[in-house]
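1. sequence-free structure coming up:
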């Protein structure tokens, strides 16, 4: 399963960027009922993400461990915001 989950974890972390994302957006995009692809659960279990409250909004942020994981990705310059386009989340306006 590592071969499948590792790239998905990198995608999740990259989608958070340096500013994080509202929890509701992350859950809409990443929560799954499929027990074989528990990306959100795996990211939490490994300590790659943290859920915090900022200005009355529940946010998901990448932890230092998550930043290190992303920086170790093969061929990755993604450990930092390098001008790459971020994953687009659906708008709820």
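-> Done, it's in. Because the structure is predicted, anything quoted here is derived from the model rather than measured. Residues are numbered from 1 along each chain as shown.
2. quick one: strands adjacent to the helix or strand that contains residue 51?
-> Secondary structure from DSSP states H and E places residue 51 in strand 49-54. Sheet pairing here is set by DSSP bridges, and for strand 49-54 it gives strand 57-62 (antiparallel).
3. got the buried residues for the partner strand?
-> Within strand 57-62, the residues that count as buried by 16 or more other Cβ atoms under 10 Å are 59, 60, 61, 62. For the C-beta atoms, the positions are set from N, CA and C on the backbone; glycine is no exception.
4. so what's the third one closest to, chain neighbours aside?
-> Nearest-residue entry for residue 61: residue 20, 3.9 Å, with adjacent residues in sequence omitted and distances by Cβ to Cβ, 6 or more residues apart in numbering.
5. what does the first one give?
-> Once its chain neighbours are removed from consideration, residue 59 has its nearest residue in residue 20; the separation is 4.7 Å (Cβ to Cβ, 6+ apart).
6. which phi and psi does the one you found have?
-> Dihedral pair for residue 20: phi 80, psi -180, per degrees, to the nearest 10.
7. Offset the numbering so it begins at 567, please.
-> All set: I'll call the first residue 567, so the last point we hit is now residue 586.
8. Kindly provide the distance from it to residue 640.
-> 24 Å (Cβ to Cβ, to the nearest Å).
9. tally of neighbours for residue 590?
-> The number of residues packed near residue 590 is 14, by other Cβ atoms under 10 Å.
10. thinking again about what came up before, residues contacting the residue nearest to residue 625?
-> 618, 620, 625, 626, 627, 628 (Cβ atoms under 8 Å, 6 or more residues apart in numbering).
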